[in-house]
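In: turn this into a structure:
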Amino acid sequence: MARLFDDGASDYLINSTRIITAWPFTMAGWGRTNDNSVIQTVAGLADVDTTNKYVALWFGAVGTAAVIRAWVINAGAGGVEANTSTQYSENIWHHLCGVYEADDIHVYLDGGGKGSLGSNGKVIPEFDNVSVGMMRDSSPDQEMSGDLAEAAVWDVALTDAEVAILAAGYSPLFVRPQSLIFYAPLIRGLNDKVGGLTLTADGTTVSAHPRIIYPAPIWTGFPIVGGEPPAGSPGVVLLMDHFNGGFLNG
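Out: Presented below is the predicted three-dimensional model:
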């Protein structure tokens, strides 16, 4: 199950841990908004003690265009952003991704519509929290109105091809898992599956999850009748000999 956020109630999820300290990194998630006229936070990294010091991945409205926005702002140093070349629709699940590098920012909608800033030059803000559904600096805003799921952060810049894999419905666990530092599927619980963090919920309710392809569980064996299975390497399929109560190894 995903989580439904009510912007009128200022719902959000948060953990007060600094999970990113340097460029580059990537943030991604699935979202379904019911309002394409206002800016809404999918995921953000912020400093709760300072106004306008954060990195955000947003459902955004630029003029009359409902685009995805990847934004960086560092207090008095001003802000920069990249916007997708394609637009999202209300009440439809979309995949959003922002790739943040020291010299550029890229943003994607459903694995395409790539928009790039062409530069960056910002000193990375001193984040002290990771949030979902609202930007949690000292003046919280940009509340989500709709559903969110599969929030993830990597400490590397994902490639176009890797972003497309995520947008095809594959879990973040399939894409550079060694660099995945935060992953909250938001299926029933609020736990980060790779970093061990627990998100605290202020509001939100359970809602229907998008269709996602997850890795198969690791096989841990089953009761042995008539002896131990033959030795083998990982990935070897062992066939049970039901007639003799053991395993076939020939």
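In: what is the end-to-end distance of stretch 196-209?
Out: 22 Å (Cα to Cα, to the nearest Å).
In: give the rounded mean pLDDT of it.
Out: Per-residue pLDDT values over stretch 196-209 give a mean of 96.
In: any low-confidence regions in the chain?
Out: Low-confidence regions of the chain, defined by pLDDT under 70, span residues 75-77, 218-250.
In: try 90 this time
Out: Across the chain, the ranges flagged by pLDDT under 90 are 1, 48-54, 61-64, 73-79, 103, 118-127, 136-141, 188, 216-250.
In: got the domain boundaries for it?
Out: According to automatic domain parsing, the chain comprises the domains 2-207, 220-250.
In: against which helices or strands is the helix or strand hosting Ala70 packed?
Out: Under the assignment given by DSSP states H and E, the secondary-structure element containing Ala70 is strand 65-74. Counting contacts by 3 or more Cβ pairs under 8 Å, 6 or more residues apart in numbering; DSSP states H and E, strand 65-74 packs against strand 53-62, strand 79-83, strand 94-101, strand 104-109, strand 112-116. (C-beta placed from N, C-alpha, C; glycine too.)
In: quick check: angle from that strand to strand 79-83?
Out: With axes from the mean of the first three to the mean of the last three Cα atoms, to 10 degrees defining the directions, strand 65-74 sits at 150 degrees from strand 79-83.
In: what's the angle between strand 65-74 and strand 112-116?
Out: Between the axes of strand 65-74 and strand 112-116, defined by the same axes, to 10 degrees, the angle is 40 degrees.
In: and Val156, helix, strand or coil?
Out: coil (DSSP: H, G, I helix; E, B strand; the rest coil).
In: what's the local residue count around it?
Out: By the measure other Cβ atoms under 10 Å, the count of residues near Val156 is 16.
In: about what we covered before: deepest-packed of the domains of the chain, please.
Out: Greatest average neighbour count among the domains of the chain goes to domain 2-207 (a mean of 20), per mean count of other Cβ atoms under 10 Å.
In: quick one: distance of that domain to the chain centre.
Out: The gap between where domain 2-207 is centred and where its chain is centred comes out at 7 Å by Cα atoms, centre = their mean, to the nearest Å.
In: kindly check the end-to-end length of it for me.
Out: End-to-end distance for domain 2-207, by Cα to Cα: 5 Å.
In: show me what stretch 201-210 is in contact with.
Out: Contacts of stretch 201-210 with the rest of the structure, by Cβ atoms under 8 Å, 6 or more residues apart in numbering, involve 1-6, 9-14, 30, 32, 93, 133, 147, 149-150, 169, 185-188, 190.
In: now with 10 Å, please.
Out: Taking contacts as Cβ atoms under 10 Å, 6 or more residues apart in numbering, the residues outside stretch 201-210 that touch it are 1-6, 8-14, 30-32, 93-95, 131-134, 136, 140, 143-144, 146-150, 169, 185-188, 190.
In: got the CA coordinates for the strand holding Ala70 in CSV?
Out: This file holds the C-alpha atoms of strand 65-74, laid out as CSV (Å, rounded to 0.1, in the frame of the first residue of the first chain):
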residue,chain,number,x,y,z
ALA,A,65,2.7,23.8,-17.6
ALA,A,66,2.4,20.8,-15.2
VAL,A,67,6.1,19.7,-15.3
ILE,A,68,8.4,17.8,-12.9
ARG,A,69,10.9,20.1,-11.2
ALA,A,70,14.3,19.2,-9.6
TRP,A,71,15.3,22.2,-7.5
VAL,A,72,18.4,23.2,-5.4
ILE,A,73,18.4,26.3,-3.2
ASN,A,74,21.1,27.2,-0.6
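In: could you pull out the helices for this protein?
Out: Secondary structure of the chain (DSSP state H): helices located at 160-167.
In: hmm, back to that, and the strand holding Ala70, which strands flank it?
Out: Sheet pairing for strand 65-74, assigned by DSSP bridges, gives strand 53-62 (antiparallel), strand 79-83 (antiparallel).
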